[in-house]
Structure formats: structure tokens, C-alpha cells
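Undergrad: with the sequence up front, the predicted model follows.
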Amino acid sequence: SQQGEEDPQALSIQEGENATMNCSYKTSINNLQWYRQNSGRGLVHLILIRSNEREKHSGRLRVTLDTSKKSSSLLITASRAADTASYFCATDGTGYSTLTFGKGTMLLVSP
Amino acid sequence: EAGVAQSPRYKIIEKRQSVAFWCNPISGHATLYWYQQILGQGPKLLIQFQNNGVVDDSQLPKDRFSAERLKGVDSTLKIQPAKLEDSAVYLCASNGQGDSYEQYFGPGTRLTVT
């Protein structure tokens, strides 16, 4: 079963705009990760946030975590066409380094 | 540093046939994962190895799927016999100590069962 659920399922924006994706999960976690998947390729790790952290930044990425609401958000600022991809959140609550992925948000950034 | 290697990249078989996928993780990575990703969904863990031992295979359909990681390095995943619902991308990932649980993924094998 999927632990995380991303929202929205699909998002279409113009270059330069910000993109926000949300993830909700069901059980307690140690950390939450975000991954990106370009069409036809494997997943690439973007950022990890631990359960005792509330916000984390990496370049144009900003991740927040609210453990009381069991939710996280990923913000991509000043988006580029190259950001077009599917974005997945993954949680590790089930055990040693085992990840459970959500269904993903498909982001389309138009030039 | 070389990434996770997988082969083949694509495979088309008929139902009831068998198929095998190969994965070579990043050198030195002790943990290896096999995921199944059905179109439109996120990856689902099939099996996790720590060196050559199985850590988690609770979601592996053991009546038709098998996996091994001899010598704790590369791994093979086999399906026998294949069903139509096995059509998916099979992803291999690895991570090593000190990576804070970040997983490194290979490009995947796209399997089509007709």
C-alpha cells in the first residue's frame, strides 16, 4: 500500500513561476525524502528532512514538514523547463532504510 | 563514481514465459533494493538485501518472483511464469552507510508482458 499521497496529481505552470507539491502520510516516520523522476528514467534523490526538522532548503528547493498533520510540502522556486518531471515523496516509517513511495505529482513547466 | 547499472533496459515477453533482470549497485553499497513501478504509480518495494541477506521481502510475490544477491554485490530478479499484470518498470537501487538513507536508482528495466 502507498504510505504517501501527493497532491496535486498533476501541475502545469510557466517558466519562472513557483511550484508547490504536497504529501500526506499515515504513520510515524523517521525521515521523509523527495525524489524526482524524468520521463523514462530512474529516480533521483532531491532532499531529505528528518522528523525533528520543520524546514529545509537546497538550492531552489524548499521542503517543510509538519509531523502533527503528517504532511510535507515541496516548493520549487523560479521553475525551469528542465524541472518537468514526476515528483515523489517517500517515507521510512516501516523500518531500516525501507522507503514507501507515494503516487507522485506530475509537473509540467512550459517555456 | 559509476551509478547503478541495470540490464536489459527493455524486455517484451509473452505471459507464462520467464524473465530475469540484472543489477549492479554502486561499488561498496551494502544495501540493494528491487522496486516495481506500475505506470502512473510510485515505486513499490519488492525486496531489500543487506549484503547477501534478505532484510525485507514481504511484498515479493514468492510464488512467481525470486531474487538473489550472491557474494553481496550484483543481484538478479526473476519472474516465472510472468503474468500480464507484471508489466511494469523494475527499478534497482542501492545505498551505503553514511548516506542518510538516500537511495541511488538505476535506469530501470521496462517489462511488457503480452
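TA: Now that the structure is in, tell me what you want to look at. Residues are numbered from 1 along each chain as shown, chains lettered A, B, ... in the order given.
Undergrad: okay, CA-based contacts and neighbour counts for the rest of this
TA: Fine.
Undergrad: check contacts around the closest residue to residue A:24 other than its chain neighbours.
TA: Spatial nearest neighbour of residue A:24, excluding adjacent residues (Cα to Cα, 6 or more residues apart in numbering or on different chains): residue A:71 at 4.3 Å. By Cα atoms under 8 Å, 6 or more residues apart in numbering or on different chains, the contact set of residue A:71 is A:22, A:23, A:24, A:25, A:65.
Undergrad: what does the worst-scoring helix or strand of chain B on mean pLDDT rub up against?
TA: Sorting the helices and strands of chain B by mean pLDDT, DSSP states H and E puts strand B:53-56 at the bottom, at a mean of 91. Outside of strand B:53-56, the residues within contact range by Cα under 8 Å, 6+ apart are B:47, B:48, B:49, B:69, B:72.
Undergrad: adjacent strands (with direction) for that strand?
TA: Sheet pairing for strand B:53-56, assigned by DSSP bridges, gives strand B:44-50 (antiparallel).
Undergrad: could you dump the partner strand to CSV, C-alpha only?
TA: The C-alpha trace of strand B:44-50 is given here as CSV (Å, rounded to 0.1, in the frame of the first residue of the first chain):
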residue,chain,number,x,y,z
LYS,B,44,6.7,-0.4,-4.6
LEU,B,45,9.5,-2.3,-2.8
LEU,B,46,9.7,-5.9,-3.7
ILE,B,47,12.8,-7.0,-1.8
GLN,B,48,15.7,-5.4,0.2
PHE,B,49,19.1,-7.0,0.7
GLN,B,50,21.7,-6.1,3.2
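Undergrad: that older thread, out of the contacts of strand B:53-56, what pair is the most spread apart?
TA: Using Cα to Cα, the contacts of strand B:53-56 span at most 14.1 Å, a distance reached by B:47 and B:72.
Undergrad: looking at those two, which one has more neighbours?
TA: The residue with more neighbours, out of residue B:47 and residue B:72, is residue B:47; 23 against 18, by other Cα atoms under 10 Å in any protein chain shown.
Undergrad: so what's the nearest residue to residue A:25 once chain neighbours are set aside up against?
TA: Setting aside the residues directly before and after it, residue A:25 is nearest to residue A:4 in space (Cα to Cα, 6+ apart), at 4.4 Å. Residues in contact with residue A:4 (Cα under 8 Å, 6+ apart) are A:23, A:24, A:25, A:26, A:89, A:90, A:91, A:100, A:101, A:102, A:103.
Undergrad: the first one: how many residues sit nearby?
TA: Around residue A:23 sit 25 other residues, with neighbours defined as other Cα under 10 Å.
Undergrad: repeat for the third one
TA: If you count neighbours by other Cα under 10 Å, residue A:25 ends up with 24.
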